[in-house]
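Visitor: Next come a sequence and a model predicted from it.
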Amino acid sequence: MAAKTTTGHEGCAVSYLEYTVKHTPSGVRKVLYLNWPLALLLTAVAAIGILMLYSVAGGSFNPWAEPQAKRYALGFAVMFVVAMVPIWFWRNMSVLAYAISVLLLVGVELVGVEGKGAQRWIDLGFMRLQPSELMKVTLVMLLAAYYDWLPIKKTSRPLWVLLPVILILIPVALVLRQPDLGTSILLITGGGLIMFLAGVHWAYFAVVLTAIGGLVTAVFNSRGTDWQLLADYQYRRIDTFLDPASDPLGAGYHITQSKIALGSGGWTGRGFMQGTQSRLNFLPEKHTDFIFTTLAEEFGFVGAVSLLALYALIIVFCVASALANRDRFSSLLTLGVAVTFFLFFAVNMSMVMGLAPVVGVPLPLVSYGGSAMLILMLGFGLVQSAHIHRPR
Amino acid sequence: MKRPTRDNTESQKKITRRGLVLGGGMAGVVGLLGLRMRYLQVDQADQFRLLADENRINIHLIPPSRGRIFDRSGRVIAENIPSYRINLIREQAGDVEDVIARLSKLLRLNPEELEKAREDLAKLRGDTPVTVADRVSWEDISRVAVNAPALPGVTPEVGLSRHYPMGADYSHVVGYVGPVSDRDLERIDAPDALLLIPRFQIGKIGLERRREDSLRGKAGTKRVEVNAAGRVMRELDRVEGEAGADIQLTLDNALQSYVTARLEGESAAAVVMDCETGDLLACASTPGYDPNLFVRGISQADYSSLLENKYRPLPNKTVQGVYPPGSTFKMITALAALEDGQVDPNETVYCPGFLKVSNRRFHCWKRAGHGNVDLHRSLRESCDVYYYDLALRVGIDKMAEMARKLGLGVEHDLPMTSVAEGLIPNKLWKATTRGEDWRIGDTANAAIGQGYVLSSPLQLAVMTARLATGRSVSPRLVRSVDGVEEPPKPSESLGLNENTLREVRRAMYAVSNNRRGTAYGSRIIEDAFRMAGKTGTSQVRNITAAERARGVFRNEDLPWERRDHALYVNFAPYEAPRVAVAVIVEHGGGGSSVAAPIARDITLQALYGEDPPLEAYPSKDRGRIQTQQEQLRSRLDRHGGEDNDRA
């Protein structure tokens, strides 16, 4: 791949050409330059996940823990391979990757498999691919490449702001059709945050946030009036989120039971495999979206905070790597993957702790699920590649 | 093509700056999540731990066994027997209809029960056991158990169910139990959690209902861990309940059975009371019904036939039935007049066969009249005119006062259903309830226990006991609860003049022992057990002048429901009273011909404690009595054999 020749466009600053590649490690030595602490942290989190899946299965490697372990091994291999490939190759792949992801999302519309009432998967035979997951990483790649390509002076010009917004909204629209509100929110927030990192003017964000604030206020104030903006059942969903006790057997059931599981953990928890809430099936989705509650119930505050600390450390290592990287694409990509990862666990934890509505976001690397894990590891592969191939 | 270095540096600075801002934001969110964890897991931990336990722990009630009921000598009147039922669990059955079809080949399934079971199976959760056959025999249970492999989801269950081995004998006194109904729950303010157990039995009527609190006992509890689907995972611990208290009655089973048998075939009631303690020794109302039918859930057909029976088997005629006491009220009138000094026992009143009161003729039962009548003769021969005369002298209010003193028109405190107050009228009563003035004719009617006067057989027995002892004897039904005696209510002197009382008793003695007494035909020969009594024949209709003229008021010529009630009250032995007896035969005819022989037989049975020797009867009756005794004995034996019927 002729990485060094993609400099054709006038005014297009290709940042990685500004450093000498000769200092970049090559061959087997790359392995030594891998961000090993980050790899260890990821493995630690995945190990916790496998342990919890073993517990919720009632002390059995099947049906969840063993496949999850195999997938993590595969994911780690994917990360390793991606890391070995120079970052400029990935930069050049960005547009293609984005285009493929969009096509897959369209494909889901046509041949997708229904799962839990939403079309999300394409069955590839050996695994089920969730294109919306893939989109999370490829969108980050595309936006990082876009701002790497865009001269910095143009960053805040309306037209050049509108373009990435459209690039974000295309997959969001497709994902919403599935319908998958959680992923849509993650895509919008993740994309917006990358634009923010790239240096788009504060005012744009201020306007958007104000508009959202105004809309929310309007929605609430319109309730019961002639110009009511949402249907009644939608308001009831909001009510359930705000006060789960109002509908303890309906939609509020998940949240109430989840809080009970968390709370009953106490300081040190009920002990491994002793959580009554999960063992007796009071917890919904205990191996996927709500797996954190099992951890919190069995290992208590100490266990929950430990996991949170591991996640925070992963973010810290990513941010440190990004800030130390003088390559614009690499920094933005690394920060973008970190933000996506952050949004995953922050939304999931808020959800199970009753701070956010239940929107169906898994706990990264811990929840049972193949494609989410593989794609996250792919993302961290990119981060590793940026780390290894950074200008020195 | 190199980008100006400055531009690059600037852009890197911006990314760094914004990256730090974002990093700060993320750190803030992580901090917030940490705080939330702290709040939920440390600050609120106790509350959530409690909620988690509430989730997983269900408290199941263990129904206590109901207290048993015994007669005074310890014979079982109400007991709990194992009851076998067959439950079906839908989840485990697979094809429910197939299992039911196979089950119906093994035992007879009640179509009604099956219909309800099908409904429940469709409605209730899959792991709920639904009863498809209740009260099946041990043989049927065994047959099901042997075939268990072919009957998935079928489980035999043993519970306790009420059983009344004496059948109808105690149907009115003891009553019966039945499953809690919605109406029962409405009636009770703070229902015991036990009542919410499906098929839990509570007292519906009679003693079973009135003493429900003692009999029920306290529920035990069993804590079980359940999963989210409600399936029981394991038992955590259990607290045993308290069985209900056993109740011993004052009734004597042998006597009660005898009385019931003796009254059989009539719509009648009899009460036997201990004169000293007030203990009810027998308290029977016929016809009865089998309380076991109600425990099982009586069929519509059986219930309709009970309701439509003109002899009214359901009400307890001993305490609930009120009748004009007729001539048995004459002792009251006499005592009221004597106590008030209106008449002297030796004073005579002339009876021409009627008394004209405000232009209306009040007739004596003896149309030709009794001639000169004193107290003794008036009671012995039951002269009506004598009492019209006395009543007009003493007035209704004094009579009513005396009646209440002797226990009429008063609700006696007994643990039975609908214990009637009866009715003893006075001037105030008529003014307030009828809005009419008391008439002199009303007094004349009341004098012979007709008109407004109403009393129950129980009240008449109490009256007789009080006459016999001169003390305020109160009836008692429950002898002890859980082995702790319930003492009889202390009786005190009624404050009546002993001489007048003696005169009245002597006259009552003459009723059954004097050749001219109205109950002489039903006398007791055995000297130690001679009785003193009073006949009564109370009209349930007015005899019109035309009927009187035609002479058509022979009972046998009238339809059953218009015939007179036959009454008899007595105490015995005359010298040292032990029992007081009141008998009423609804529409039975004359007190002397119908009620008195029954009362005599009951009295002898009570005093001997077994079939009396024939020597106790007048010699010319002995042949007939012997036949009657044999008949009753065989009836009682047959009845005893019914105990083992399959519930």
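Guide: Happy to help now that I have it. This one's a predicted model, so the numbers in the text were calculated from it and none came from an experiment.
Visitor: Now for the residue in chain A that chain B sits nearest to, how many residues are close by?
Guide: Nearest to chain B in chain A, going by CB to the nearest CB, is residue A:263, at a distance of 2.4 Å. (Each C-beta comes from the backbone N, C-alpha and C, glycine too.) Counted with other CB atoms under 10 Å in any protein chain shown, the neighbours of residue A:263 add up to 28.
Visitor: check which helix or strand covers residue B:52.
Guide: Using DSSP states H and E, residue B:52 sits within helix B:45-56.
Visitor: now residue A:283
Guide: Residue-wise, residue A:283 maps onto no helix or strand under DSSP H and E.
Visitor: in the stretch 101-250 of chain A, what spans have low per-residue confidence?
Guide: The model of the stretch 101-250 of chain A has pLDDT under 70 over residues A:111-121, A:123-127, A:241-250.
Visitor: Any residues of it in contact with chain B? List them.
Guide: For the stretch 101-250 of chain A, the residues in contact with chain B (CB under 8 Å from any CB of the partner chain) are A:151, A:152, A:153, A:193, A:196, A:197, A:198, A:199.
Visitor: sorry, back to before: wait, does the helix holding residue B:52 contact chain A?
Guide: Yes. Applying CB under 8 Å from any CB, one finds helix B:45-56 in contact with chain A at B:45, B:47, B:48, B:49, B:51, B:52, B:53, B:55, B:56.
Visitor: Which member of the residues of the stretch 101-250 of chain A next to chain B is positioned nearest residue B:401?
Guide: residue A:193 (100.7 Å; CB to CB).
Visitor: residue contacts, the closest residue to chain A within the stretch 1-150 of chain B?
Guide: The stretch 1-150 of chain B approaches chain A most closely through residue B:48 (2.4 Å), counting by CB to the nearest CB. Residues near residue B:48 by CB atoms under 8 Å, 6 or more residues apart in numbering or on different chains: A:259, A:260, A:262, A:263, A:264, B:40.
Visitor: coming back round to it: now neighbour count and secondary structure too, for the residues of the stretch 101-250 of chain A next to chain B, in TSV please.
Guide: Below are these laid out as TSV (neighbours: other CB atoms under 10 Å in any protein chain shown; DSSP: H, G, I helix; E, B strand; the rest coil):
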residue	neighbour count	secondary structure
A:151	14	coil
A:152	18	helix
A:153	12	helix
A:193	24	helix
A:196	20	helix
A:197	25	helix
A:198	26	helix
A:199	20	coil
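Visitor: ok, back up a step: check pLDDT for the residues of helix B:45-56 next to chain A and point me to the minimum.
Guide: Lowest in pLDDT among the residues of helix B:45-56 next to chain A is residue B:55, which has 74.
Visitor: That residue: neighbour count?
Guide: Residue B:55: 21 neighbours (other CB under 10 Å).
Visitor: my guess is it contacts residue A:260, does it?
Guide: Yes. If you go by CB atoms under 8 Å, residue B:55 and residue A:260 touch, sitting 6.6 Å apart.
Visitor: Pull up the overlap in contacts between those two.
Guide: Applying CB under 8 Å, 6+ apart, one finds that residue B:55 and residue A:260 are jointly contacted by A:277, A:282.
Visitor: Let me see the ranges of the strands in the stretch 101-250 of chain B.
Guide: B:129-136, B:154-163, B:176-179, B:201-205, B:220-226, B:232-239, B:247-249 (DSSP state E, counting those that start in this stretch).
Visitor: Summarise which helices and strands the last one is packed against.
Guide: With contacts taken as 3 or more CB pairs under 8 Å, 6 or more residues apart in numbering or on different chains; DSSP states H and E, strand B:247-249 sits against strand B:69-70, strand B:478-481.
Visitor: Can you tell me which of those is most buried?
Guide: strand B:69-70 (a mean of 23; mean count of other CB atoms under 10 Å in any protein chain shown).
Visitor: any idea which helix or strand comes after it?
Guide: Tracing the chain C-terminally past strand B:69-70 and defining elements by DSSP H and E, one meets strand B:76-89 next.
Visitor: In that following strand, which residues are buried?
Guide: For strand B:76-89, a neighbour-count test (16 or more other CB atoms under 10 Å in any protein chain shown) marks B:76, B:77, B:78, B:79, B:80, B:83, B:84, B:85, B:86, B:87, B:88, B:89 as buried.
Visitor: Also stretch A:160-175?
Guide: A:160, A:164, A:165, A:167, A:168, A:170, A:171, A:172, A:174, A:175.
Visitor: Put the alpha carbons of the strand or helix carrying the first one into CSV.
Guide: What it means is residue A:160. Taking DSSP H and E as the definition, residue A:160 sits inside helix A:158-176. Output of helix A:158-176 as CSV, limited to C-alpha atoms (Å, rounded to 0.1, in the frame of the first residue of the first chain):
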residue,chain,number,x,y,z
PRO,A,158,-20.6,26.5,8.5
LEU,A,159,-20.2,24.4,5.3
TRP,A,160,-17.3,22.4,6.8
VAL,A,161,-19.3,21.9,9.9
LEU,A,162,-22.4,20.8,8.1
LEU,A,163,-20.5,18.1,6.1
PRO,A,164,-19.5,16.0,9.2
VAL,A,165,-22.9,16.5,10.7
ILE,A,166,-24.4,14.9,7.6
LEU,A,167,-21.8,12.1,7.8
ILE,A,168,-23.0,11.4,11.4
LEU,A,169,-26.7,11.7,10.7
ILE,A,170,-26.7,9.2,7.8
PRO,A,171,-25.8,6.1,10.0
VAL,A,172,-27.9,7.6,12.8
ALA,A,173,-31.0,7.7,10.6
LEU,A,174,-30.3,4.1,9.5
VAL,A,175,-29.8,2.8,13.1
LEU,A,176,-32.9,4.6,14.3
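Visitor: hmm, back to that, the buried residues of strand B:76-89: which two are farthest apart?
Guide: Taking CB to CB, no two of these sit farther apart than B:77 and B:89, at 37.1 Å.
Visitor: quick one on the thing from earlier: what's the closest of the contacts of residue B:48 to residue A:383?
Guide: residue A:262 (30.7 Å).
Visitor: about what we covered before: could you export the residues of the stretch 101-250 of chain A next to chain B as a markdown table, including distance to residue A:105?
Guide: Converted to a markdown table, those look like this (distance: CB to CB, whole Å):
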| residue | distance to residue A:105 |
| --- | --- |
| A:151 | 30 |
| A:152 | 31 |
| A:153 | 33 |
| A:193 | 21 |
| A:196 | 24 |
| A:197 | 25 |
| A:198 | 24 |
| A:199 | 29 |
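Visitor: Now, of the residues of helix B:45-56 next to chain A, which are buried?
Guide: Buried members of the residues of helix B:45-56 next to chain A, counted by 16+ other CB under 10 Å: B:45, B:48, B:49, B:51, B:52, B:55, B:56.
Visitor: do you know how far the last one is from residue A:52?
Guide: By that I understand residue B:56. 20 Å (CB to CB, to the nearest Å).
Visitor: Where does the prediction get shaky in the stretch 1-150 of chain B?
Guide: Judged by pLDDT under 70, the stretch 1-150 of chain B has its weakly predicted residues at B:1-9, B:125-127.
Visitor: Pull up the residues of it that are close to chain A.
Guide: B:1-3, B:7-8, B:10-12, B:14-16, B:18-20, B:22-23, B:26-27, B:29-30, B:32-34, B:36-38, B:40-42, B:44-45, B:47-49, B:51-53, B:55-56.
Visitor: Derive a PyMOL selection command for the buried subset of these.
Guide: Per 16+ other CB under 10 Å, the buried members of these correspond to this PyMOL selection:
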select buried, chain B and resi 3+8+11+12+14+15+18+19+22+23+26+29+30+33+34+36+37+40+41+44+45+48+49+51+52+55+56
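Visitor: re the thing from before, would you tell me which of the strands of the stretch 101-250 of chain B gets closest to residue A:230?
Guide: strand B:220-226 (38.2 Å).
Visitor: start to end distance for stretch B:421-429?
Guide: 14 Å (CA to CA, to the nearest Å).
Visitor: Contacts for that stretch, please.
Guide: B:322, B:396-397, B:400, B:403-404, B:408-411, B:437-438, B:442, B:446, B:451-456, B:459.
Visitor: That one: which residues count as buried?
Guide: Here stretch B:421-429 shows B:422, B:423, B:424, B:425, B:426, B:427, B:429 as buried, counting by 16+ other CB under 10 Å.
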